[in-house]
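Trainee: Got a sequence here, can you model it:
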Amino acid sequence: MNNLMTMKQLEDKIDNATREEWKRLSANHPAVAAVMSEPLLIAGARESLLNDAEAMRALRDAMVAGATAEQFAILMDAFVVRYVRGLFSG
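Mentor: Got it, this is the predicted structure:
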């Protein structure tokens with residue numbers, strides 16, 4: 001990332017978005033939540049997003065364009081939801 005956001009800040013945003021998705025996942029799919037853990041989901045989301053060139057480019061472009069915190073959170077949530085759904089789509 002560039003100097004507009006530190007790597008730690010980006011990781012924190014990924015973690016927060018993943019925690020929110022974990023809440024939805026565990027509420028809607030308790031059997032899945034029983035065999036998966038929140039820390040495991042966070043680690044996987046972090047690794048996936050940080051290694052996804054398209055996602056990183058979109059985040060960088062949003063920061064450069066001056067996205068608000070709310071807009072950035074919406075974008076981050078979309079990436080995390082895509083990651084989690086990808087786990088179950090084969």
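Trainee: can you pull the contacts of the residue nearest to the spatial centre of the chain?
Mentor: Against the mean C-alpha coordinate of the chain, by CA atoms, centre = their mean, the closest residue is V80 at 3.4 Å. Contact analysis of V80 by CB atoms under 8 Å, 6 or more residues apart in numbering lists I14, A17, T18, E20, E21, A45, L49. All C-beta spots, glycine's among them, are computed from the backbone N, C-alpha and C.
Trainee: State the helix or strand in which the residue lying farthest from the centre of the chain lies.
Mentor: For the chain, the largest distance from the centre (CA atoms, centre = their mean) belongs to A31, which lies 22.0 Å off. Element membership for A31, per DSSP states H and E: helix 30-35.
Trainee: Average pLDDT for that helix, rounded please.
Mentor: For helix 30-35, mean pLDDT is 91.
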